[in-house]
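Novice: below are the sequence and a predicted model for it; my questions follow.
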Amino acid sequence: HDSKSCGAIRAGSSPASGIRIKDLTEKSVRSLLYTIKKHERNKKMEKDKSFLGTESVGKLLLQLALPTVAAPLYNIVDRIYIGHIPGEGALALTGVGVCMPLIMVVSAFAALVGNGGAPRASIFMGKNDTSKAEQTLGNCFTMQIIISLILTVILFLGNRSLLLAFGASANTIDYAVGYMNIYAVGTIFVQLTLGMNNFITAQGFAKTGMLSVLIGAISNIILDPVFIFGFHMGVRGAALATVISQAFSCIWVLSFLFGKKTFLKLRKSTMKLKADIILPCMALGSSLFVMQLSESVISVCYNSSLLKYGGDVAVGAMTILTSVMQFAMLPLQGLGQGAQPIISYNYGARNEKRVRSTFKLLIKTSVSYSVILWLIIMIFPQIFAGMFTSDSTLLAFTKTALRIYMAVVFIFGIQIACQQTFIAIGNAKTSLFLAVYRKIILLIPLIYILPAILEQKDRAVFLAEPVADLIAVTTTAIMFAYQFNNAMKKLEAGKKPAEA
């Protein structure tokens with residue numbers, strides 16, 4: 001009898017115990033299936049991601065650099081078309097140039113979250129911690145939506161007063177406001193495209209990352225002339241083309257990260273903000289955030305000084321100079337950001353030799369590019385200036401200004417390569433200091449000091465850039481030589497890499 005009743009209980013014929021056993025069995029099966037699925041995903045990710053630790057560094061660097069090169073093309077393409085609007089191109093270009101500080105703020109916030117989160121996700125993947133990597137992705141997604149909504153309200157409601165403070169004159173304010181009112185609406189698309197695309201590239205999906213950017217860039221190249229010239233919308237048409245193009249890119253990026261091909265997936269369960277996940281991401285992204293935000297502050301300083309010393313023509317020239325600098329720096333930034341996932345992954349995996357070899361290749365290619373670029377600009381400045389304007393007065397002024405402004409670009413490869421490597425190995429503090437040092441401690445004071453000393457006031461304003469660059473690059477090289485070697489010695493000794 002006892003054995004029968006025991007058998008009945010084991011089989012679950014007793015209602016109370018039977019339900020418990022059934023529930024327990026279902027829970028165990030679900031738990032087991034989840035564990036198997038997670039283990040398979042980890043194995044697949046480890047296998048698929050391991051190419052960052054095995055494939056040719058040169059090939060990887062090229063593949064991963066390309067997506068980031070095309071990213072700022074939107075604004076540059078806009079300016080090329082706007083500068084050639086018949087009759088009003090020079091003033092329209094100056095008006096849109098005054099919007100750049102606000103546009104830089106939007107990009108800076110995308111960098112704060114995306115460029116900080118993606119290297120951390122890569123480091124977690126190198127350690128084979130999928131859970132932390134996906135939490136990083138989900139938290140960064142939520143944070144970017146929150147930031148986007150706040151920025152949209154500020155840009156939409158306060159743009160006229162901000163633009164007047166940022167160097168717009170009575171002649172250019174209407175162009176600036178017309179552009180900004182429409183651009184503000186697309187803030188969320190800009191944020192998510194720039195920020196989330198970092199996570200696609202960080203996983204090694206170079207082609208997908210490049211397509212994210214190319215979809216938007218090609219759409220913008222096609223839509224710009226249609227809206228600007230076809231529908232006679234002028235600067236408002238350029239802004240509308242940009243917003244629509246960024247929306248296309250945003251849809252592509254999110255459909256990939258919610259889809260099946262990605263290793264790290266956007267899931268509802270990872271989107272709830274956690275301080276221990278999101279704050280280190282923002283700490284690591286803070287150096288790029290400060291760099292881009294300070295670019296915005298510098299743009300305001302330049303515009304207001306140049307409006308004082310050289311009028312609308314000088315401000316228009318500055319718009320062209322920053323456009324040429326952006327355009328010229330794209331490959332450098334692309335190389336730096338392309339090297340990031342390789343360095344981060346191998347740093348997380350404690351592969352010291354591969355981290356060193358990636359950096360060596362990065363510095364060689366960056367410096368070679370900088371030198372070639374500098375030679376071309378010094379010999380043919382009119383080619384670069386002519387891309388953005390057909391106005392003879394503006395063209396003549398810009399040619400001279402370009403040679404002054406970009407006088408030491410040949411050493412800039414060192415700055416970018418070292419700073420991006422600091423970010424890749426999770427060294428947030430040094431990277432942040434270097435960003436603050438070059439832009440805020442050196443450049444901003446020089447914009448005001450040099451015109452007070454030198455006779456040609458407007459030329460003196462442009463000269464601030466090369467003087468600051470020369471001092472900053474020297475400091476960066478010295479700090480990097482010391483700190484990078486220390487980090488590599490720790491890796492070699494088998495110590496755990498410090499997390500940012």
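Specialist: Yep, that arrived.
Novice: could you look up the SS state of residue 455?
Specialist: coil (DSSP: H, G, I helix; E, B strand; the rest coil).
Novice: so what pLDDT did it get?
Specialist: For residue 455, the model assigns a pLDDT of 94.
Novice: then residue 214?
Specialist: 86.
Novice: for residue 298, what are its contacts?
Specialist: 439, 443, 444, 447 (C-beta atoms under 8 Å, 6 or more residues apart in numbering). From N, CA and C alone the C-beta is placed, and that goes for glycine too.
Novice: who wins for neighbours among the residues you listed?
Specialist: Within the contacts of residue 298, most neighbours by other C-beta atoms under 10 Å means residue 443, with 23 neighbours.
Novice: got the confidence number for that residue?
Specialist: With respect to pLDDT, residue 443 has a value of 95.
Novice: what about the contacts of residue 298, which are in helices?
Specialist: 444, 447 (DSSP state H).
Novice: what is the nearest of the contacts of residue 298 to residue 76?
Specialist: For those, the minimum distance to residue 76 (C-beta to C-beta) is 20.9 Å, reached by residue 439.
Novice: residues in contact with that closest one?
Specialist: Residue 439 touches 290, 291, 294, 295, 297, 298, 468, counting by C-beta under 8 Å, 6+ apart.
Novice: contacting residues around stretch 166-185?
Specialist: For stretch 166-185, the surrounding residues in contact (C-beta under 8 Å, 6+ apart) are 88, 91-92, 94-96, 98-99, 101-103, 152, 155-156, 159-160, 163-164, 234-236, 238-240, 242-243, 299-300, 302-304, 306-307, 311-312, 315.
Novice: average pLDDT across that stretch?
Specialist: pLDDT averaged over stretch 166-185 gives 94.
Novice: from the chain's centre, how far out does it sit?
Specialist: 24 Å (C-alpha atoms, centre = their mean, to the nearest Å).
Novice: which of the residues in that stretch are buried?
Specialist: 166-169, 172, 175-180, 182-184 (16 or more other C-beta atoms under 10 Å).
Novice: number of residues surrounding the nearest residue to residue 389 once chain neighbours are set aside?
Specialist: Sequence neighbours aside, residue 83 is the residue nearest to residue 389 in space, at 4.4 Å (criterion: C-beta to C-beta, 6 or more residues apart in numbering). The number of residues packed near residue 83 is 26, by other C-beta under 10 Å.
Novice: next: residue 146.
Specialist: Residue 146: 12 neighbours (other C-beta under 10 Å).
Novice: what helix or strand is it located in?
Specialist: helix 130-165 (DSSP states H and E).
Novice: list buried residues within the contacts of stretch 166-185.
Specialist: Buried among the contacts of stretch 166-185 (16+ other C-beta under 10 Å): 91-92, 94-96, 98-99, 101-103, 152, 155, 159, 163-164, 234-236, 238-240, 242-243, 299-300, 302-303, 306-307, 312, 315.
Novice: could I get the average pLDDT for stretch 125-142?
Specialist: Here the average pLDDT along stretch 125-142 is 94.
Novice: now it - C-alpha only, CSV.
Specialist: What follows is stretch 125-142, C-alpha atoms only, in CSV (Å, rounded to 0.1, in the frame of the first residue of the first chain):
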residue,chain,number,x,y,z
MET,A,125,32.1,40.5,-25.9
GLY,A,126,35.8,40.0,-25.7
LYS,A,127,35.2,38.6,-22.2
ASN,A,128,32.3,36.5,-23.6
ASP,A,129,29.7,38.3,-21.3
THR,A,130,26.7,38.5,-23.7
SER,A,131,24.3,39.5,-21.0
LYS,A,132,26.3,42.7,-20.0
ALA,A,133,26.9,43.5,-23.7
GLU,A,134,23.1,43.4,-24.4
GLN,A,135,22.2,45.4,-21.3
THR,A,136,24.7,48.0,-22.5
LEU,A,137,23.0,48.2,-25.9
GLY,A,138,19.4,48.4,-24.4
ASN,A,139,20.3,51.0,-21.8
CYS,A,140,22.1,53.2,-24.4
PHE,A,141,18.9,52.9,-26.7
THR,A,142,16.6,54.2,-23.9
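Novice: tell me the secondary structure for the residue nearest to residue 203 when sequence neighbours are not counted?
Specialist: Counting by C-beta to C-beta, 6+ apart, residue 203 lies nearest to residue 263, which is 5.2 Å off, once chain neighbours are set aside. Following three-state DSSP, residue 263 is assigned to coil.
Novice: report pLDDT for residue 263.
Specialist: 91.
Novice: neighbours of it, just the number please.
Specialist: 21.
Novice: that one is in contact with residue 200, isn't it?
Specialist: No: counting by C-beta atoms under 8 Å, residue 263 sits too far from residue 200 to count as a contact (10.2 Å).
Novice: next up, the contacts around the residue positioned nearest the centre of the chain.
Specialist: In the chain, the centroid-proximal residue (C-alpha atoms, centre = their mean) is residue 111; its distance is 4.6 Å. Shown in contact with residue 111 (C-beta under 8 Å, 6+ apart): 194, 195, 285, 288, 289, 291, 292.
Novice: pLDDT value on it, please?
Specialist: pLDDT at residue 111 comes out at 92.
Novice: excluding chain neighbours, give the residue nearest to it in space.
Specialist: residue 288 (4.1 Å).
Novice: check residue 295 too.
Specialist: residue 104 (5.1 Å).
Novice: I'd say that neighbour and residue 290 touch.
Specialist: No: counting by C-beta under 8 Å, residue 104 does not reach residue 290; the two are 11.9 Å apart.
Novice: hmm, back to that, can you tell me the SS state at the residue nearest to residue 111?
Specialist: helix.
Novice: quick one: buried residues of the helix or strand encompassing residue 377?
Specialist: Per DSSP H and E, residue 377 falls inside helix 352-379. Residues of helix 352-379 classed as buried by neighbour count (16+ other C-beta under 10 Å): 352, 354-356, 358-359, 361-363, 365-367, 369-370, 373-374, 377.
Novice: check stretch 310-325 too.
Specialist: By neighbour count with 16+ other C-beta under 10 Å, stretch 310-325 contains the buried residues 310, 312-325.
Novice: can you tell me which two in the residues you listed are farthest apart?
Specialist: Of all pairs in the buried residues of stretch 310-325, the most separated under C-beta to C-beta is 312 and 325 at 20.2 Å.
Novice: before we move on, back to that, using JSON lines, lay out the contacts of residue 298 together with distance to residue 60.
Specialist: As requested, these are exported to JSON lines (distance: C-beta to C-beta, whole Å):
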{"residue": "439", "distance to residue 60": "30"}
{"residue": "443", "distance to residue 60": "34"}
{"residue": "444", "distance to residue 60": "37"}
{"residue": "447", "distance to residue 60": "39"}
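Novice: which two of the contacts of residue 298 have the greatest separation?
Specialist: So, these by C-beta to C-beta: farthest apart are 439 and 447, at 10.8 Å.
Novice: who are the contact partners of the closest residue to residue 367 other than its chain neighbours?
Specialist: Excluding the flanking residues, the one nearest residue 367 by C-beta to C-beta, 6+ apart is residue 413, at 4.0 Å. Residues in contact with residue 413 (C-beta under 8 Å, 6+ apart) are 332, 363, 365, 366, 367, 368, 369, 370, 371.
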